[in-house]
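when you get a sec, could you give me coordinates for this:
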Amino acid sequence: MTEQKVDTSDAAKVNTEAHMQPASGKSASGHTPAILIGTLLGKARRFTSVLWRLEAKFKGVEFLGRSEFLGRPLISVAKGAQMVLGDGVRIYSSVRANPLALAQPCALRVMGPGAVLILGRGVGLSGVALCAGAGIEVGEQTIMGAGAMVIDNDFHHPHGEWSWSDDSQTGARAIKIGRGVFIGARAIILKGVTIGDRAIIGAGAVVTCDVPANHIAAGNPARVFSRKSDAAKAAP
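Numbers count the residues shown, from 1 in each chain. Prediction:
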């Protein structure tokens, strides 16, 4: 059988040239026009961060460094209350600021005299509600997913025969969240809870009890278990 010799140089050249040509509808960088437009709009939204920071400062928020706002959050600071944002805090309220898309802006509220809300360095919030009637403290580099809520009070109490009072401080109990904690989308942290460093709160969890450092809380109501013991069970 006669062996045929094939000159692959021309084929390689054609293949290389085809690889270098941009695909239809794409720029040389590989991005579609839609992606480029989205990137430009994203950069434009960052310019408004200065406006939302000024508004927050006007409302009484204390800044310990630079903070980034994407979209306009809902912020209220009651007379005699305190809200402090550490350096590098990120507050994302725009619909497109999160891969899940945000159904609501961030809501940061300190709701009565003596109430305190403190966000440590590098804390990240995406469409998160933080409502403090007593106190909420969040440690550095903790991040909270889309729609998560941290609430240290009940908002209302029975009043009279059938009505309800608007009282966010009676019965309020402070919440403390440690450093490097991850709180999943739509999780709810309720009053009096302490969460230790590097804990993980699963998406949709309703947390009513303390979560030690390096533990996981998941479910409704949330169950707490060790990350190490979980890893051991998963091992073959």
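
so what's the residue count around D152?
Using other C-beta atoms under 10 Å, D152 has 27 other residues around it. (Glycine included, C-beta is placed from N, CA and C.)

surely it meets A134?
Yes: between D152 and A134 there is a contact at 5.2 Å, judged by C-beta atoms under 8 Å.

can you map out the helices along this structure?
9-20, 33-47, 49-58, 227-234 (DSSP state H).

contacting residues around W52?
F69, G71, R72, P73, I91 (C-beta atoms under 8 Å, 6 or more residues apart in numbering).

nearest residue to the fourth one other than its sequence neighbours?
In space, and not counting its chain neighbours, P73 is closest to C106: 4.1 Å by C-beta to C-beta, 6 or more residues apart in numbering.

can you tell me how far that neighbour is from K228?
Distance, C106 to K228, using C-beta to C-beta, to the nearest Å: 33 Å.

got it, and W162?
50 Å.

again, but for A115
36 Å.

who's more crowded, those two?
Neighbour totals were compared for A115 and K228, and A115 leads with 26 against 10 (other C-beta under 10 Å).

count the residues that sit near G124.
Using other C-beta under 10 Å, G124 has 17 other residues around it.

now S163
Around S163 there are 8 residues (other C-beta under 10 Å).

is it bridged to anything, and to what?
H159 (DSSP bridges).

hmm, back to that, and the contacts of W52, which is closest to L102?
Closest approach to L102 among the contacts of W52 (C-beta to C-beta): G71, at 7.7 Å.

contacting residues for that closest one?
R45, T48, W52, Y92, S93, S94, V95, A97, L102, P105.

between those, which is nearest M83?
Ranked by distance to M83 (C-beta to C-beta), the contacts of G71 are led by W52 at 13.9 Å.

now do that closest one, the pLDDT please.
In this model, W52 is scored at 87, pLDDT.

and what of A18?
35.

doesn't G120 make contact with G139?
Yes: counting by C-beta under 8 Å, G139 touches G120, with 4.9 Å between them.

overlap in contacts, these two.
What both G139 and G120 touch, as defined by C-beta under 8 Å, 6+ apart, is the set R179.

got the contact list for K57?
So K57 contacts F63 (C-beta under 8 Å, 6+ apart).

re earlier: who wins on neighbours among the contacts of W52?
That'd be I91 among these, by other C-beta under 10 Å, with 28 neighbours.

for that residue, list the residues it contacts.
W52, S67, E68, F69, L70, P73, L85, C106, L108, L125.

thanks a lot, see you next time.
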